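Chemist: Okay, predicted coordinates and the sequence, questions at the end:
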Number of protein chains: 2
Amino acid sequence: MKQVEKLTRLLGRLPGLGPRSARRIVQHLLARRESLLIPLAQEMMAVAESLTTCRICGNWDEVSPCYLCIDEKRENATLCVVEQIADLWALERSDCFRGRYHVLGGVLSALNGVGPDDLRLASLEKRVVEQKIEEVILATNLTVEGQTTAHYIAERLGKLGVKATRLARGVPIGGELDYMDEGTLATAIESRQRLP
Amino acid sequence: MKQVEKLTRLLGRLPGLGPRSARRIVQHLLARRESLLIPLAQEMMAVAESLTTCRICGNWDEVSPCYLCIDEKRENATLCVVEQIADLWALERSDCFRGRYHVLGGVLSALNGVGPDDLRLASLEKRVVEQKIEEVILATNLTVEGQTTAHYIAERLGKLGVKATRLARGVPIGGELDYMDEGTLATAIESRQRLP
């Protein structure tokens, strides 16, 4: 049973799972060896072997440059800067952006010892210059660190003469005022928009 | 990205996970390819290849008979009957039972069309006779179906002259063994009661 315990321990390291849920998953997998356990193991191995980091934008894909960077239908002049690949995927799911991406790989954080050299900033500036980027959307998270990073990047990009923008702030769709924090409400009131 | 989507879909089929948590896990795994993704895939494959069902008790192990059935330190005269392997594991974690196990593989259920022939009852009766079992603890769940099954088995075992007991009612009605704490299970094993 050592193998089962080892598998349970490994699964328990996944985000959102503890020892109990890992055990439940192991039992679920063992009862579905052919239909789930083996396909899942094979898929994980295939992903581990084939996925690579795109040398242009920092996304994961089976090829580098990735499918987003080689897509000829996307606009070249607009670059969307995100903290993590997960953010890129979230924006892609919303299907609202047709330009290119650039993954920073983190945010500036004095606490965690992350400085400008730890982020993919040199390659961002290189892209802005070489690919004649007209606008950089700084889509970092609306956290203190995310916004600090956005302001820092905007300042550096300013010297290159490129337009830097950030995501609109306000109440999210479906959001209830009662559950919003004061900052969000203040911003939403401040940047209120005229109804046609 | 088709591979990543396929992996996300497979992970989303695990109990307790949905599309969002599966995505989070995929991103966590991709960021830890060497330390987590590959070891996990290998372990899953190893478990899938090596685990087999014990021909005596119905437990999973790398060998058949399993480590519990060949353990010479365990008592031979007491048999603990459980619905699922998960229940056996739960009892083993509570470390309160030193006899042997027998996994039924389910419960009688008119609703789901599960009759006596669908459970491992013939092999149970064979074990009781051949291995000179003195007591059978019917540790089925405290659900209606689990208790119906326990009474049905007690009746059949009565004809063989073996003592049938059930867990003390320290386990709350409607509760399932896999979700009980060790203390409750230990108390329940200790105060097991004879079925009339």
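Modeler: All right, it came through fine.
Chemist: quick check, A:H102 in a helix?
Modeler: No - A:H102 is assigned strand when assessed by DSSP: H, G, I helix; E, B strand; the rest coil, not a helix.
Chemist: Is it correct that it is in contact with A:R127?
Modeler: Yes - look at A:H102 against A:R127 with CB atoms under 8 Å: they come within range, at 6.6 Å. Using the backbone N, CA and C atoms, a C-beta is placed for each residue, glycine as well.
Chemist: Now for these two: what residues contact both?
Modeler: Residues touching both A:H102 and A:R127 by CB atoms under 8 Å, 6 or more residues apart in numbering or on different chains: A:L79.
Chemist: Which one of the two is surrounded by more residues?
Modeler: Neighbours were counted for A:H102 and for A:R127 using other CB atoms under 10 Å in any protein chain shown; A:H102 has more, 25 against 18.
Chemist: Distance check, that one against chain B.
Modeler: 18 Å (CB to the nearest CB, to the nearest Å).
Chemist: Quick one: list the elements packing against the helix or strand containing A:L10.
Modeler: Using DSSP states H and E, A:L10 maps to helix A:2-11. For helix A:2-11, the elements it packs on are helix A:19-30, helix B:38-50, judged by 3 or more CB pairs under 8 Å, 6 or more residues apart in numbering or on different chains; DSSP states H and E.
Chemist: Tell me how many other residues crowd A:A154.
Modeler: Using other CB under 10 Å, A:A154 has 17 neighbouring residues.
Chemist: That one contacts A:L138, correct?
Modeler: Yes - proximity of A:A154 to A:L138 meets the contact threshold set by CB under 8 Å, at 6.3 Å.
Chemist: Next, show the common contact partners of the two.
Modeler: Applying CB under 8 Å, 6+ apart, one finds that A:A154 and A:L138 are jointly contacted by A:A164, A:R166.
Chemist: So A:Q84 sits against A:G105, correct?
Modeler: Yes - using CB under 8 Å, A:Q84 is in contact with A:G105, at 7.4 Å.
Chemist: Helix or strand, whichever it is, which one in chain A has the lowest mean pLDDT?
Modeler: Lowest by mean pLDDT, DSSP states H and E among the helices and strands of chain A is helix A:182-190, with a mean of 84.
Chemist: Buried residues of it, list them for me.
Modeler: Judged by neighbour count (16 or more other CB atoms under 10 Å in any protein chain shown), helix A:182-190 contains these buried residues: A:T184, A:T187, A:A188.
Chemist: Leaving aside the residues adjacent along the chain, what's closest to the last one?
Modeler: Counting by CB to CB, 6 or more residues apart in numbering or on different chains, A:G170 is the residue found nearest to A:A188 once chain neighbours are left out, at 4.3 Å.
Chemist: does the most centrally placed residue in chain A count as helix, strand or coil?
Modeler: Centroid check for chain A by CA atoms, centre = their mean gives A:D87 as the closest residue, at 2.3 Å. Here A:D87 is recorded as helix under three-state DSSP.
Chemist: same check, this time on A:N112
Modeler: Going by three-state DSSP: A:N112 is coil.
Chemist: what's the burial count for it?
Modeler: There are 10 residues near A:N112, going by other CB under 10 Å.
Chemist: ok now do it, which residues does it touch?
Modeler: A:N112 sits next to no residue when contact means CB under 8 Å, 6+ apart.
Chemist: Pretty sure the residue nearest to A:A188 sits against A:T187.
Modeler: Yes - assessed by CB under 8 Å, A:G170 is found in contact with A:T187 at 6.4 Å.
Chemist: so what secondary structure elements neighbour the longest helix anywhere in chain A?
Modeler: With secondary structure taken from DSSP state H, chain A has its longest helix at helix A:144-158. Packing partners of helix A:144-158 (3+ CB pairs under 8 Å, 6+ apart): helix A:121-130, strand A:135-138, strand A:163-166.
Chemist: For the ones you listed, could you give me JSON lines that also reports distance to chain B?
Modeler: Below are those laid out as JSON lines (distance: least, CB to the nearest CB, whole Å):
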{"stretch": "helix A:121-130", "distance to chain B": "19"}
{"stretch": "strand A:135-138", "distance to chain B": "21"}
{"stretch": "strand A:163-166", "distance to chain B": "24"}
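Chemist: Please identify the deepest-packed of these.
Modeler: Neighbour counts (mean count of other CB atoms under 10 Å in any protein chain shown) averaged over each of those peak at strand A:135-138, with a mean of 21.
Chemist: which residues touch it?
Modeler: Residues from elsewhere that reach strand A:135-138, judged by CB under 8 Å, 6+ apart: A:77-81, A:97, A:99, A:124, A:128, A:149-150, A:153-154, A:157, A:162-167.
Chemist: That one - what's its average pLDDT?
Modeler: Strand A:135-138 carries an average pLDDT of 92.
Chemist: This completes my enquiry, with thanks.
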